[in-house]
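A.B. asks: Okay, here's the prediction I keep looking at, along with the sequence it came from:
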Amino acid sequence: MEGHHALASVRAVRRFLTELANTADDGLAVNNFHKQYGRVIPGPIWMIEHREVLTPAGVVYRSIPGDRRILEFRDAVRRAWELRDGRAKLYALIPLLAPFAHGPGSSKSDIERALWYLLDHPHATRVCRNPTCPTHYFVVARRNQRYCCEECAKPTPREAKRRWWREVGRDWRHQRRSGNTHRVRR
Ligand SMILES: [Zn+2]
């Protein structure tokens, strides 16, 4: 019965989660996400919500547009994304899962499966260490991965220069001073 799932494979689940977490703070990005994954996150989350807000003057209703609501959902997923502790992750995800919960015996919906993926793989979701990375949130392919891709793992010219000085430059300077003509030892 996998056929009518929009997220039919683990790969699709990972792609969905990555797209959600990396969705930018603008209407166009939310629109694109909606076009691709609107049916994965079902229900009123895409519509305006009139939320009760307590102010000094009493309770007022504030309308929260759909794109704002999906970004709040994204932010909550981002928080859970970075948690390493399984229990902390569980507590962060329960409020997100609750509105989509189905009764016992029914199979998990796409959104349930995606959120459960986060619970079941607490170490798989990472944040790319490259500060200029446009898509910070990624799912690891191997255990010690710190960057989302090869491109992000390349040192910047400044970092490469600094690294050269740290590893080679100091010895080189020292040897010039001491008149040592031997090869640089590391
Ligand atoms: Zn990156």
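C.D. replies: That came in fine, so what should we check first? All of these numbers come straight from a predicted model, not from anything done at the bench.

A.B. asks: residue contacts, R69?
C.D. replies: Taking C-beta atoms under 8 Å, 6 or more residues apart in numbering, we find R69 in contact with 45-46, 49. C-beta: built from backbone N, CA, C; applies to glycine.

A.B. asks: Okay, and which of those residues map to strands?
C.D. replies: Taking DSSP state E, the ones among the contacts of R69 that sit in strands are E49.

A.B. asks: can you put the contacts of R69 in CSV and add neighbour count?
C.D. replies: As requested, the contacts of R69 are exported to CSV (neighbours: other C-beta atoms under 10 Å):
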residue, neighbour count
I45, 16
W46, 15
E49, 15
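
A.B. asks: Filter the contacts of R69 to keep only those in contact with the ion.
C.D. replies: Restricting the contacts of R69 to those touching the ion (C-beta under 5 Å from the ion) yields no residues.

A.B. asks: Go through the contacts of R69 and name the one nearest Q175.
C.D. replies: Distance to Q175 across those (C-beta to C-beta) is lowest for I45, with 64.6 Å.

A.B. asks: hmm, back to that, how about the contacts of R69 in CSV, adding pLDDT?
C.D. replies: Output for the contacts of R69, formatted as CSV (pLDDT from 0 to 100):
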residue, pLDDT
I45, 85
W46, 87
E49, 89
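
A.B. asks: so which of the contacts of R69 comes closest to A124?
C.D. replies: Out of the contacts of R69, the member with the shortest distance to A124 (by C-beta to C-beta) is I45, at 24.6 Å.

A.B. asks: That closest one and the ion: what is the separation?
C.D. replies: Here I45 is placed at a distance of 28 Å from the ion (C-beta to the ion, to the nearest Å).

A.B. asks: cool, Y137 as well?
C.D. replies: Applying C-beta to the ion, one obtains 9 Å for the distance of Y137 from the ion.
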